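In: here are the coordinates; sequence isn't available:
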């Protein structure tokens, strides 16, 4: 188990190197020069040269990357192209919002999707099952930002049970933090829970067909024991895999949904960076986004190891 | 041999048939055709142009002039929705097209050829999957400028990994199929193998993935346009329209409805279409339906069964531990109705004895054993007959009552020991379950008993191995665990369904010996289900031979195997190659076992029998007759021919 | 029966190893010796039976002959030509050596019509198409006992035994000299099994085919084979004429296999069972950790010290063939 964890974390290093080099290279292929935008059109050649020197733009790209990497491993992702703001600070400031929404959406997805899928799978062919499948198919088709808009009208604006906008850090107040991300998490979790419900249903149906379920029944175990002991643990293997795949989509959804609630997360940072061509910032966001996805996935892998003895023992 | 006369449907025809039966999928497909038509030609039917500003009519609700109302600039929402559908479809086609063209061929090649190329590709794909897709799309937009085409290129690349993985997985799977090896042996070059053999077998999953990719890209395009990085104003897009609507969500919430519904319905249609295609492919892969003529025959066969049931004879043997009489099991037929797969089955298992239930695949021997356990597969039911066990009638018992017998008084072991054990729990845990449920043992007591049991069935180092998982055991050892588990509560009857078929021959002997030893020690009865007459001779006191859902011969094992009373039994014995040297032709039963919907009337073995006469298919029903040698035979000619010399 | 070429196929010192990569950076990699120094030959029109339990390497030998797996060391000569080095002669080689696999469900492409399956080799090798090809396919189907009008059917419309006939028709299409039959009947029911074996025997008689017949079922092998090789953990333990191996097995493993197969006569079998129950319980060693000396020493009732240290010599057996055992009498 620990070996699995260690090997996953070691595996992160080459992955992050590839990702950072790709984004670094890509973002430095931008047509035009950052200096034009900073200095304007009537700058002198000296000013131009001096700024280039200051930003390190005169070195070959590999040298620039090595310099960036050297700083990055020490926690310095560079400086914004416009002001003296550190990219690391900007990214870390916005990380709680994005992380809260991603995990909140995941929480809602599991809370709704897994029980619904288990129930439907156990009652395959029943009316409730068919209804659940149809609802899940519709749920999967809803754009989450639209759901967010539709939810924010009654919950945030009319009844005002939760704040319509703004983020409260969990270090300030746990209850206010939960309130501030509830609607957004529900909006995010809707389509993810639908996908998860369908996967769970399929996994349950598949597991119930296995030989070992027949064995369990031949031992005279009650339906409850057969279902909740023998079927569920095995069905959770593909379900956990699905959750891992959903992290990426949830993070993407969070970028968009935060706009509706006026939350300042990676989305705002990235949109700002696009509008102002702030490449160091853009790069910082991409790297941190990758890190979030990978770290959440390692958590998923650990959960996977708990339910799958083959992973644990090899 | 193959009697069907009508022209067979091609794969495509069967696929279309299956697809058209799914109403939701057909509706979804029609809706998508409609959206495509609207996207192509809708603009010519519009009264207002999508960008026609009329500030005096801003933020109106639906009216005769503006069917879907107007936005903050007084532009017609209907016109904008129509214009946006074109944008959406163009964008989605571009994104999906890139994803397929990039991902599918690379995945196919990578999966089929493997090697270093595959390893490098997989590393790259893993890296792309770990990248936050939407953030990368935003980054690409940052480089190339806010523009829908650029966004779609980014999404296409991100989504190509799904196609890569799908095609790679499919190719890996198909590569293991023997027909690919056979094609290589035929001299087929790699390109022929990939395009002629691998590709046609992955088109199903590929089309399904394509529809899913469409819904993914549609949603992503809407999202990007919503945050202002996709379609730029004043051009219309469903996402951009929602962005405008967000500004007026309190004043005029209706503005958010038409574009939102358009996104939802389009994505939903793609999802439903994908589901429909998936189901249709699955149905094409799973064939073997009875023909019309066969179905008619099936109906009449069922009638015969019902009529004859009253006449069937089964000597009541009250001393028997298990007594099955007149058992009829029905399953849903492939195309509606029910099919009796087992009928008039009767036999008994005396206390302490072993009875073999023998027959070829499809004869109903496993169904019979599952009926005794009350574990018929979904849809199956006992339509008639009685199963008495230890003085108690099992037919009609509910689940709770059956659970008191299963595992406690009747134990069961199966053909595939490795898949019959739950991979997620230790063997100790599984061994103790029945003891905890039936005998109320505590966890600690059950664990201790589990180790004792493992020791008794000859698993070396039982105390160390108890906490191992099933995948850590060899096939033979796993079957020993199964036996220990079935016998944990000292049942009076053990049902063993092909217990050694999956094992090597030397291991088979060991497992059979273990069963015999345990039988002597526990004084239990065994109902042994097998296709192997050698195993019957090895283990059994009595043999019950089944053919086409009926018992055709039963009696003392010496009588049945040494002087068979039914031509089928004699034929089976004669076909065993072991009884024949190289010289001389191998004896064979012509034809094949008919499927359940194609059973002949009268004697079901009649078309394959060398002794068949007009008398054989005359009576609707043939009863079992007691022969001089002591066994029962369901053959009208058993007394007037010498069965043993038939073959 | 024509037996012009006594050595149609010659296999010398054949070894096939697989590398299994496991763990981070392949730290836990290991090598499995699936086939280890095997020699045998097959003459024209002859059947050589290869018997063994799972993990004995018998199927790997078939795949190595067919060039579906790579040979690690050793030589395979077909018609005196090395099979490992076929530059430019690949298609000629394919014409001489064909295959029938175990699983008739997996060995026929479900999305192809029977005509295309059986006719594919004809298209590849002779460019036959359309009516010309169909006429040949119809002839082949008749040869294996199927109706010639079944060209436009899918494999799923046939039973297991019929599918195996289709597979045989495909193997016959190129008129090969040798067919590798890899457990061709073990997936079939008893009554169908004997039909397919009889068909194979008939075809051999009429066409002068040679077979490498691979099976775990000794009874089937005895019936169809002229000579037999018994495999255990990648090595040949004994070879010889079929009747001699059955009547007078010269290796303890062969004897163990023969006593293990239950016969369908209750009186005889109950005696055999009494014999068998005296034997100690043994398990197959792990293929990654093979015993030294004789591979069978962990399960052999007669094992001596020398069996655990030295590989046994191949000694001639009266009545033909040899056995690899330190003992001459047991």
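Out: Structure's in. What do you need? Everything numeric here is computed off the predicted structure, so don't read it as measured data. Residues are numbered from 1 along each chain as shown, chains lettered A, B, ... in the order given.
In: three-state assignment of residue A:256?
Out: What DSSP: H, G, I helix; E, B strand; the rest coil gives for residue A:256 is helix.
In: need the phi and psi values for the closest residue to chain A within the stretch 301-450 of chain B.
Out: At 3.3 Å from chain A, residue B:407 is the closest residue in the stretch 301-450 of chain B, using C-beta to the nearest C-beta. C-beta: built from backbone N, CA, C; applies to glycine. As for residue B:407, its main-chain torsions (degrees, to the nearest 10) stand at phi 80, psi -30.
In: helices along the stretch 51-200 of chain C, start to end?
Out: Under the criterion DSSP state H, counting those that start in this stretch, the stretch 51-200 of chain C contains helices at C:58-65, C:90-96, C:114-126, C:130-143, C:160-172, C:190-207.
In: now swap in the stretch 501-647 of chain B and tell me
Out: B:505-522, B:533-539, B:557-562, B:567-575.
In: centre of the chain to the third one, how far?
Out: From the chain centre to the centre of helix B:557-562 is a distance of 38 Å (C-alpha atoms, centre = their mean, to the nearest Å).
In: now it: mean pLDDT?
Out: Average pLDDT, helix B:557-562: 95.
In: for residue 179, what are its contacts?
Out: You didn't say which chain, so I picked chain A. Listed by C-beta atoms under 8 Å, 6 or more residues apart in numbering or on different chains, the contact set of residue A:179 reads A:162, A:163, A:168.
In: could you do chain C instead?
Out: Taking C-beta under 8 Å, 6+ apart as the test, what residue C:179 contacts is C:97, C:98, C:99, C:100, C:171, C:209, C:210, C:211, C:212.
In: leaving out sequence neighbours, find the closest residue to the first one.
Out: Excluding its sequence neighbours, the residue lying closest to residue C:97 (C-beta to C-beta, 6 or more residues apart in numbering or on different chains) is residue C:178, at 5.2 Å.
In: and that neighbour, how many residues sit next to it?
Out: Residue C:178 is flanked by 22 other residues according to other C-beta atoms under 10 Å in any protein chain shown.
In: got the domain ranges for chain A?
Out: Segmentation of chain A into domains, based on automatic domain parsing, reads A:20-82, A:98-275.
In: rewinding a little: now, which of the contacts of residue A:179 lie within strands?
Out: When these are checked against strands using DSSP state E, none is located there.
In: now neighbour count and distance to residue C:279 too, for the residues you listed, in JSON lines please.
Out: What follows is the contacts of residue A:179, written out as JSON lines (neighbours: other C-beta atoms under 10 Å in any protein chain shown; distance: C-beta to C-beta, whole Å):
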{"residue": "A:162", "neighbour count": "19", "distance to residue C:279": "76"}
{"residue": "A:163", "neighbour count": "17", "distance to residue C:279": "79"}
{"residue": "A:168", "neighbour count": "18", "distance to residue C:279": "76"}
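In: now those residues in TSV, with distance to residue B:96?
Out: Shown next, in TSV, are these (distance: C-beta to C-beta, whole Å):
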residue	distance to residue B:96
A:162	37
A:163	39
A:168	40
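In: quick one: the strands in the stretch 51-200 of chain B, in order.
Out: In the stretch 51-200 of chain B, no strands are defined using DSSP state E, counting those that start in this stretch.
In: got the residues of it near chain A?
Out: Contact residues, the stretch 51-200 of chain B versus chain A (C-beta under 8 Å from any C-beta of the partner chain): B:123-124, B:126-127, B:129-136, B:138-143, B:146.
In: try 10 Å this time
Out: The stretch 51-200 of chain B comes close to chain A at residues B:123-124, B:126-146, B:158, B:162, as judged by C-beta under 10 Å from any C-beta of the partner chain.
In: among those, the buried ones, what's the ChimeraX command?
Out: Applying 16 or more other C-beta atoms under 10 Å in any protein chain shown to those, the buried members can be selected in ChimeraX as follows:
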select /B:126,127,128,129,130,131,132,133,134,135,136,137,138,139,140,141,142,143,144,146,158,162
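In: re the thing from before, and the domains of chain A, which is most packed in?
Out: When you average the neighbours per residue for each of the domains of chain A (mean count of other C-beta atoms under 10 Å in any protein chain shown), domain A:98-275 leads with a mean of 21.
In: in the stretch 151-300 of chain A, what residue is nearest chain C?
Out: For the stretch 151-300 of chain A, C-beta to the nearest C-beta, closest residue to chain C: residue A:298, 15.2 Å.
In: what is the burial count for the spatially closest residue to residue B:389 that is not a sequence neighbour?
Out: With C-beta to C-beta, 6+ apart as the measure, residue B:322 is the residue that lies nearest to residue B:389, at 5.1 Å, once sequence neighbours are left out. Neighbours of residue B:322 under the rule other C-beta under 10 Å: 22.
In: try the one 4 residues further on
Out: As a burial measure, the neighbour count of residue B:326 was computed by other C-beta under 10 Å and equals 16.
In: now swap in the one 3 residues further on and tell me
Out: Using other C-beta under 10 Å, the number of residues around residue B:329 comes to 23.
In: kindly report the same for residue A:88.
Out: As a measure of burial, residue A:88 has 18 neighbours, counting by other C-beta under 10 Å.
In: any idea how far it is from residue A:280?
Out: 10 Å (C-beta to C-beta, to the nearest Å).
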